[in-house]
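> Need a 3D model of the following:
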Amino acid sequence: MQELRKEKYDGLKTLFHNKCCPTFVYSIIEQLIPGVVYVDDQTVPSSFLIGTKSGIYFIAGEQHNRYSLIIILTEPTSQTFICI
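Next up, the predicted model:
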């Protein structure tokens, strides 16, 4: 998983259009609130981890990438709460 640069967030809007996601996901993609987006592929992403600065996360996409997502979530840098 790689952190997606903020200037590429606009490309995610179509992937989440008409999907059931928490409001904070759209707010991060629109850069209305601070957050981070990890993707499996910078060009054609199929798995995502989107998190707020306060530690709330949303995971979506292909299940074959779930091991990579778990590694990111279990880094001992801070306490993490997951919203799935």
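> The residue nearest the centre of the chain pairs with what?
Centroid-nearest residue in the chain, with Cα atoms, centre = their mean: Ile50, separated by 1.9 Å. Counting by DSSP bridges, Ile50 is bridged to Val37, Phe58.
> That one touches Tyr26, doesn't it?
No: here Ile50 lies out of contact with Tyr26, judged by Cβ atoms under 8 Å, at a distance of 9.6 Å. To be clear about C-beta, it is placed using only N, CA and C from the backbone, and glycine gets the same treatment.
> one step back: please tell me how far the residue nearest to the centre of the chain sits from Thr14.
Separation of Ile50 from Thr14 (Cβ to Cβ, to the nearest Å): 15 Å.
> now do Arg5
17 Å.
> For Ile29, list the residues it contacts.
Each residue near Ile29 by Cβ atoms under 8 Å, 6 or more residues apart in numbering is listed here: 9-10, 12-13, 16, 37, 50.
> swap the cut-off to 7 Å and go again
9, 12-13, 16 (Cβ atoms under 7 Å, 6 or more residues apart in numbering).
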